[in-house]
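> When you get a sec, could you give me coordinates for this:
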Amino acid sequence: MKKLLLLITFAIVVAACSSIECPLNNTVYANYDLYKADGRPDTLSDTLTIFTKRHTPDEDTVKLNRYVNAKTFSLPMSYAGGTDVLIFEMRDTLHNVVYDTITITKTNTPHFESTECGPAYYHTIEGVSTTNHKIESVTINDTEVNHDGTKEHIRILFKSGD
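As a prediction, the model looks like this:
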């Protein structure tokens, strides 16, 4: 009887343990790198604030608040939307506030690891566009956004002299 009880306890302990390692954060982040118009890496000398507009006008969300000496940054991508709109708030050479908008179109793919892990979405960037107040251009460097945080996904080139 004692051996049976020990065997049942051992079976319960083994069944309760799982070797599945879920990510701590299921949100995936796109990495943005900043460059001068000539293609050299850039460091913004002023503060950078980035926010996004949601479905109604009063639903804006600050993604990056007053970031100083920006060279690179990471921002989460929306789960279900086919388009992410990022509004960059910066200052021009006369210290006037200017806004540039970057629009990212993407497809969202559910990513399943196990039933124990929460839902995750991976994204494929299909296109990117921008307004051109301080930003010269925006290009896609890597289209696949997943849990690999080492990739440079989007390059932002700033105009000369700004």
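> quick one, longest strand in the chain?
Looking across the chain with DSSP state E, the single longest strand is strand 97-111.
> now the angle from the helix or strand hosting Thr49 to strand 97-111?
If you go by DSSP states H and E, Thr49 is part of strand 48-52. On the basis of axes from the mean of the first three to the mean of the last three Cα atoms, to 10 degrees, strand 48-52 is oriented at 50 degrees to strand 97-111.
> could I get strand 48-52 in CSV with only the CA atoms?
Presented in CSV, the C-alpha positions along strand 48-52 are these (Å, rounded to 0.1, in the frame of the first residue of the first chain):
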residue,chain,number,x,y,z
LEU,A,48,11.4,62.3,-29.5
THR,A,49,7.8,61.4,-28.6
ILE,A,50,5.9,58.8,-30.5
PHE,A,51,2.2,58.2,-30.1
THR,A,52,-0.4,56.3,-32.1
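> Show me what it is in contact with.
60-68, 70, 73, 75, 84-90 (Cβ atoms under 8 Å, 6 or more residues apart in numbering). C-beta coordinates here come from the backbone N, C-alpha and C atoms, glycine included.
> residues in contact with Thr101?
Neighbours of Thr101 in contact, by Cβ under 8 Å, 6+ apart: Val85, Leu86, Ile87, Phe88, Thr130, Thr131.
> what do you get if the cut-off is 6 Å, keeping everything else the same?
Residues in contact with Thr101 (Cβ atoms under 6 Å, 6 or more residues apart in numbering) are Ile87, Thr131.
> Tell me the helix or strand right after the strand holding Thr49.
Next element after strand 48-52 (DSSP H and E): strand 61-67.
> Show me what that next one is packed against.
strand 48-52 (3 or more Cβ pairs under 6 Å, 6 or more residues apart in numbering; DSSP states H and E).
> who does the strand it packs on pair up with?
strand 61-67 (antiparallel), strand 83-91 (antiparallel) (DSSP bridges).
> looking at those strands, which has the lowest confidence?
Comparing mean pLDDT across the strands paired with strand 48-52, the lowest value falls on strand 61-67: a mean of 82.
> Alright, calling it a day.
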